[in-house]
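Enquirer: Sequence isn't available, so here's the structure alone:
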């Protein structure tokens, strides 16, 4: 796919480049294409940018000094974490590129406080492992966790597979250290659960996609490791019944449902067709499936809760069939059926992807109406809806009609997105549940957002970044 | 106690008053002292203010119209909820007083979405009851819940007794409708768990103490009703051992501890001395006690978890004695021992109150050092430390030395607070864990806050309220 049209930042003077290089020293910048190019290319190849300089600061102090030079000279900056973003927000087009990859210190691990303070360049997998070593659980988990960084997941308020129980990234952050657009350092790493002394401004930076400053370190919340876990695949004759079971599951387990992932038969059939070593989870074929995971502090709690739940669901004819994983290997097999949906889609052909959320109570209705709308727009289009239905969030993806030319199909992408997103808007949903807006969706979001909210965001942004130097072409 | 020195707002012109009256109609304002005076007086009598007009809008539209008039004329406003605040932030000194008491509509209750949309004037007790009718649990709970309002608890980011498991008010809000300082209405009532389309600006208004706008309605999160609950009183020889048990309890129950309230022997002895119908919870007397509550979705889960926990704690000699409530009556008796601390203190004599938090890992050390510092500052002063230790938050209160004149003692209050708060600051804690700053603590907080954070807050405030008309003498 070719790079979409983008806004460009004007050239940066050699004097400014020289001053930045002097501040960070030889190890702190690079012009080596081997080092720079991978950071200019979005991982699926959708955007290929350019930068006058890749800066690699090793400390908050260096980040601050570089930003101050840029601020004084009105030079724009794009901050970058692990470059796993899906909406192009991390790719510079003429901005100074600041990568946090050298900031990997573990500043503090305090299991008694259930917090750890990590620098922005550590990966999400690092964070999970650091927590585990301290006999704690850090629940944020997503496909790119080996590459995505602490700074990146916070800047994009990432979602992932554990949102149902633990919330989005925003809910997992207890404090931040941020270099503001003027180069000042906001020291907000307090590891307190309660502090009512003014606005909680860390929330401005979470999900700001690098437009309000550069997150250099974060205090993250830790949770107990669960003592039991039960995983099941359950079959339904409608999406609504899956949602009914989800509602029931939350009540009956007292909030111990960790995952509730919905899959349609068509999506599952693509996984079984394209992905080796996968097999039908149940004997029959059913219109809808859910992968359900329950976890408990009680060593016997999870399977007891799952059995209680499914027994009641069978009695009430909510479910058609179900299987509980007998061991970890089987649980992992069940998870692969869900996680391989993207790979299976890719193998089947070109697809338009939509990352949407609507209120759970209207999800089944939305999916039905959305499917009809897409089929009316493009006869033969194949809908694959799956994902974090527990969070009201599904990936509502459209695969090219059989026999249709991919280029022709892709040319209709924006119109197709409008069909999907107009309906999302009518259902009071979000056109970007977890991926953010970046360069891809900022203009589209303007169509749907409350103008008062947009004006307030713009005023708040101007207050912190009067020269609009931070990721200037992203967000409003 | 006399009203402390306050900043005053200049008089408001009769023309502006007349325009406001015209917009809200006869039922929408009052100059009747019977109606107005109770709203000008802080409930403990610490502040007695005045207002040119009490405005009682019945809709968001009316709030918006009134604020627009004030904005156009640069007239200051103090918004008020249930007038239960503890730091004077709700009392006007010359500002127009806007009470939300007529905005009591239930806009929506959606148990499938685990949300309810309530107008700001409903009380917290109303909110709990509305949730219960929908077979859901709204966990925010505090002493003033019969009077405190939805708008008020959100504007002050209230804490209360269920923070350990469910978080502070901020964590319970999924959306807000706010009249901004220029009169525009921010429509942010979406009931989505996930929406990454720009800054999540609702967080600016939560805990803003009415300085950034007027919250007119909120979408609140609902939770499952637990199927079992176990309450215990446990005795320790040190505060550190209580904290050790708390840490263990969180791990072993998988986060099902709902309350962990610490009490010292001296505080408990005052309750037993002053409050009728209370009795020793255990046979012996011990230096420290905790009230522990565990709740579970499993009908047998809570008592099983509590028994497992206490058994292990006895084996490891963490606890000296313990008793589990045998029924709800006994559980309520245990809770009264904790809740009557404030009343018992009051009966014993004048007290300085401090609402502080420090990291849990340093709490025991802080309390010891703080006690020594207070005793050095004022020999004979009696320290009562109790409260939400599970949140790292204790009420660290100092009772007048026996025989000392209360007026003389109260004259030392600010110096005493400095002793307590300097130490809190050295421990990286907060001088207002849950009560906010209001008129009482804003200037004091300036001593301790990160100047970069204060400057950022001021810039953000100016962006939304360039004329500083919203509660102008509160916060920075």
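Expert: Yes, it's here. Given the structure is predicted, the values throughout are model-derived calculations rather than measurements. Numbering: from 1, shown residues only, chains lettered A, B, ... in the order given.

Enquirer: use CA for all of it now, contacts and neighbours both
Expert: Noted.

Enquirer: What is the burial count for the closest residue to chain B within the stretch 351-476 of chain A?
Expert: Sorted by distance to chain B under Cα to the nearest Cα, the residues of the stretch 351-476 of chain A start with residue A:433, at 4.3 Å. Applying other Cα atoms under 10 Å in any protein chain shown, we find 26 residues neighbouring residue A:433.

Enquirer: Confirm that it sits in a strand.
Expert: No. If the criterion is DSSP: H, G, I helix; E, B strand; the rest coil, then residue A:433 is coil and not within a strand.

Enquirer: so what pLDDT did it get?
Expert: The predicted local distance difference test score for residue A:433 is 95.

Enquirer: which residues does the nearest residue to it once chain neighbours are set aside contact?
Expert: In this structure, residue A:433 finds its nearest non-sequential neighbour in residue B:195, 4.3 Å apart by Cα to Cα, 6 or more residues apart in numbering or on different chains. With Cα atoms under 8 Å, 6 or more residues apart in numbering or on different chains as the criterion, the residues that contact residue B:195 are A:357, A:430-434.

Enquirer: and of these, the nearest to residue A:258?
Expert: Using Cα to Cα, residue A:434 is the member of the contacts of residue B:195 that sits closest to residue A:258, with 17.6 Å.

Enquirer: from memory the closest one sits against residue B:194, does it?
Expert: Yes. With contact taken as Cα atoms under 8 Å, residue A:434 and residue B:194 are classed as touching, separated by 6.4 Å.

Enquirer: Now the common contact residues for the two.
Expert: Contacts common to residue A:434 and residue B:194, judged by Cα under 8 Å, 6+ apart, are residue A:159.

Enquirer: who's more crowded, the two?
Expert: Using other Cα under 10 Å as the criterion, residue A:434 and residue B:194 rank with residue B:194 on top: 26 against 23.

Enquirer: Assign that one to one of the three secondary structure states.
Expert: Looking at residue B:194 with three-state DSSP, the answer is coil.

Enquirer: got the residues of the stretch 351-476 of chain A near chain B?
Expert: With the criterion set to Cα under 8 Å from any Cα of the partner chain, the stretch 351-476 of chain A comes near chain B through A:357-361, A:391-393, A:428-437, A:445, A:450, A:452-453, A:456-457, A:459-460, A:462-464, A:475-476.

Enquirer: give me that answer again for 7 Å
Expert: The stretch 351-476 of chain A has residues A:357-361, A:391-392, A:428, A:430, A:432-437, A:450, A:452-453, A:456-457, A:459-460, A:463-464, A:475 near chain B, with proximity defined as Cα under 7 Å from any Cα of the partner chain.

Enquirer: How about the stretch 151-300 of chain A?
Expert: On the criterion Cα under 7 Å from any Cα, chain B has as its neighbours in the stretch 151-300 of chain A the residues A:184-187, A:190-200, A:203-204, A:207-208, A:224-226, A:247, A:250-255, A:296-298.

Enquirer: Out of those residues, list just those in strands.
Expert: Using DSSP state E to define strands, the subset of these located there is A:185-187, A:296.

Enquirer: Could you report the pLDDT at residue A:297?
Expert: Reported pLDDT at residue A:297 in the predicted model: 89.

Enquirer: residues near it, how many?
Expert: Residue A:297 is flanked by 24 other residues according to other Cα under 10 Å.

Enquirer: Apart from its neighbours in sequence, what residue is nearest it?
Expert: Excluding its sequence neighbours, the residue lying closest to residue A:297 (Cα to Cα, 6+ apart) is residue B:254, at 3.7 Å.
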